[in-house]
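Participant: need a structure here:
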Amino acid sequence: MENMNNDIQHSFEKIIRFEELSWKQIDALDQSKTIFLLPISPLEEHGPHLPVGTDLLTAQDTAQQAIIILQKKHPSFIFVLLPFIPLGFAGFNTDFPGTVSVSSNVIKKVIYAYGKMLASQGFMHLLICTYHVALAHLKGIHAAKQKLRRKYDLVICEPWSAMFYSDQIAKKEPKVEFDTKKEVHAGFRETSLMKYTHPGLVDSTYKDLPLVFSEKIFSPISAFKSFKQLGITQGYVGSPSKADESYGKWFFDLTVETYVDAAERMIQKKPLPELPKHLKRQMKLLFWL
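Facilitator: Next comes the predicted model:
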């Protein structure tokens, strides 16, 4: 299986990037037919074998590829990539070098500022692209989303978490000979993904890393403890050594398809993906984060 080829990387250059536009060019965009994509994920350790930018790189790569597809499928619409934001809540691994964690409230304020800026200029659509699915991180995104919908009637969506916390990944994923539910952080899935997208950033030591898993990470007490306090001393949970590039391509494509589907729902004025209600209730309980 080939990794992301030069044609895809080159096509990223054709994307409309917000920071490269003048205010006159932004003002000239068709407000009702412009959809903005905002990649946001934290810098955080991903084991001894993956870069701290794993989630951010994935968010930006998948957002860019989604725009390439959307431009071809919907040429009458304009898709604009906002600057990548390296922010998120990652409190469970701040005792590792390289992790930068901020509160849910900071995330809420940043997302809200972007949405408010767009809405005040008459724009209507904002798609949040995050690959980081910690509930405290999502809490900030979704709080901003609700406020922007309420105050400005902005059509805003963050679709990946709805996919991640559904049963769709398990139903769609290629058959593997082990339980992928144990691949929680920097394990088989993310190592496979990075082998496909950025193989040069995957340290070869991944091949020798054993399975690391603890049921403690799913217990209520884990909300108050770091990875190291739970005995996860190498910063990964799962089986990196089983990484497979073809699976990485499938996971990458699934993420892209999720963004494309959400954008098309915006265009067609269809209901947007939402987190299950029980997870929204859990997010509200994280009042101290």
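Participant: so who does residue 14 touch?
Facilitator: Residue 14 makes contact with residue 68, according to Cβ atoms under 8 Å, 6 or more residues apart in numbering. From N, CA and C alone the C-beta is placed, and that goes for glycine too.
Participant: Please enumerate the strands of the stretch 151-289 of the chain.
Facilitator: Using DSSP state E, counting those that start in this stretch, the strands found in the stretch 151-289 of the chain span residues 155-157.
Participant: what ranges do the helices span in the stretch 1-150 of the chain?
Facilitator: 6-11, 23-27, 54-73, 104-120, 135-152 (DSSP state H, counting those that start in this stretch).
Participant: I'd like to know which elements the longest one is packed against.
Facilitator: Other helices and strands packing on helix 54-73, by 3 or more Cβ pairs under 8 Å, 6 or more residues apart in numbering; DSSP states H and E, are helix 6-11, strand 34-39, strand 78-81, strand 125-129, helix 188-197, helix 245-267.
Participant: Comparing those by mean pLDDT, which bottoms out?
Facilitator: Mean pLDDT per stretch puts helix 6-11 lowest among those, at a mean of 51.
Participant: about what we covered before: distance to residue 211 and mean neighbour count for the helices and strands packed on helix 54-73 - can I get that in TSV?
Facilitator: As requested, the helices and strands packed on helix 54-73 are arranged in TSV below (distance: least, Cβ to Cβ, whole Å; neighbours: other Cβ atoms under 10 Å):
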stretch	distance to residue 211	mean neighbour count
helix 6-11	32	10
strand 34-39	31	24
strand 78-81	37	20
strand 125-129	30	26
helix 188-197	9	26
helix 245-267	16	20
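Participant: And residue 245, how far from residue 193?
Facilitator: Between residue 245 and residue 193 the distance, using Cβ to Cβ, to the nearest Å, works out to 9 Å.
Participant: Make a markdown table out of the helices of the stretch 1-150 of the chain and add distance to residue 171.
Facilitator: Formatted as a markdown table, the helices of the stretch 1-150 of the chain follow (distance: least, Cβ to Cβ, whole Å):
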| stretch | distance to residue 171 |
| --- | --- |
| helix 6-11 | 27 |
| helix 23-27 | 41 |
| helix 54-73 | 20 |
| helix 104-120 | 30 |
| helix 135-152 | 22 |
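Participant: I'd like to know which of those helices has the weakest mean confidence.
Facilitator: What stands lowest among these, in mean pLDDT terms, is helix 6-11, with a mean of 51.
Participant: can you list the helices and strands packed on helix 54-73 in TSV and add distance to residue 66?
Facilitator: Shown next, in TSV, are the helices and strands packed on helix 54-73 (distance: least, Cβ to Cβ, whole Å):
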stretch	distance to residue 66
helix 6-11	12
strand 34-39	7
strand 78-81	8
strand 125-129	8
helix 188-197	14
helix 245-267	4
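Participant: what's the closest of these to residue 69?
Facilitator: helix 245-267 (5.3 Å; Cβ to Cβ).
Participant: how far does that closest one sit from the chain's center?
Facilitator: 11 Å (Cα atoms, centre = their mean, to the nearest Å).
Participant: Could you do stretch 267-277 as well?
Facilitator: The answer for stretch 267-277 is 17 Å, by Cα atoms, centre = their mean.
Participant: Return the set of buried residues in that stretch.
Facilitator: 267, 272, 273, 275 (16 or more other Cβ atoms under 10 Å).
Participant: what's the answer for stretch 196-207, then?
Facilitator: 196, 197, 198, 202, 206.
Participant: Just the terminal-to-terminal distance for it.
Facilitator: 15 Å (Cα to Cα, to the nearest Å).
Participant: Let me know the closest of the buried residues of stretch 196-207 to residue 71.
Facilitator: Of all the buried residues of stretch 196-207, residue 197 has the smallest distance to residue 71: 20.2 Å, by Cβ to Cβ.
Participant: Can you tell me how far the closest one is from residue 248?
Facilitator: Residue 197 is 7 Å from residue 248, by Cβ to Cβ.
Participant: Among the helices and strands packed on helix 54-73, which comes closest to residue 174?
Facilitator: helix 245-267 (5.7 Å).
Participant: picking that back up, indicate which one of the helices of the stretch 1-150 of the chain is closest to residue 86.
Facilitator: Using Cβ to Cβ, the helices of the stretch 1-150 of the chain put helix 54-73 closest to residue 86, at 5.3 Å.
Participant: that older thread, and of the helices of the stretch 1-150 of the chain, who's closest to residue 129?
Facilitator: So among those, helix 54-73 is nearest, using Cβ to Cβ, at 4.1 Å.
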